[in-house]
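Novice: Predicted model follows, preceded by the sequence.
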Amino acid sequence: MELPAAPKPKFEPSSSPQTVMREFTVRAVITGTVLGILFGASSLYLVLKVGLTVSASIPVAVISLALFRMLSKVGFRDATILENTSPRRRARPGNPWRSASASRCRPS
């Protein structure tokens, strides 16, 4: 005998469709660019030195979140969720190609 399926809960969005959130801001672009350069250079150094590399996506997300949180404590406006994920997306794209091209150049 089959049990009846449980009723599905109704979807409730966390914000209304009329809510406007900032995503593409100057501080998000600058933070993503600076962290992308730092993590790209460290990834390139790491792959040439040891032959291993790490993904920059999670560390960049954590650092940018902490940086935006510290700025809001000092008196700047609080960052939106979209603004917090923007630096991660800006810092991530170049790292796999840097590490892949560098690993081919590493002498054995």
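Specialist: Thanks, I have it.
Novice: Secondary structure class of residue 61, three-state.
Specialist: Under DSSP: H, G, I helix; E, B strand; the rest coil, residue 61 falls in the helix class.
Novice: Which pLDDT value belongs to it?
Specialist: Note on residue 61: pLDDT of 86.
Novice: Likewise for residue 38?
Specialist: Listed pLDDT for residue 38 reads 88.
Novice: on contacts alone, who are the packing partners of the host helix or strand of it?
Specialist: For residue 38, the element it lies in under DSSP states H and E is helix 26-49. Applying 3 or more CB pairs under 8 Å, 6 or more residues apart in numbering; DSSP states H and E, we find helix 26-49 packed against helix 57-74, helix 81-91, helix 95-105. (C-beta placed from N, C-alpha, C; glycine too.)
Novice: where's the residue nearest the centre of the chain relative to residue 39, distance?
Specialist: The centroid of the chain falls nearest to residue 88 when counting by CA atoms, centre = their mean (2.0 Å). Taken as CB to CB, to the nearest Å, the spacing of residue 88 relative to residue 39 amounts to 10 Å.
Novice: shared neighbours of the two, anything?
Specialist: Shared contacts of residue 88 and residue 39 (CB atoms under 8 Å, 6 or more residues apart in numbering): residue 60.
Novice: Just send the helices and strands packed on helix 26-49 back as CSV, with distance to residue 16 too.
Specialist: Listed next are those as CSV, based on distance: least, CB to CB, whole Å:
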stretch, distance to residue 16
helix 57-74, 23
helix 81-91, 14
helix 95-105, 36
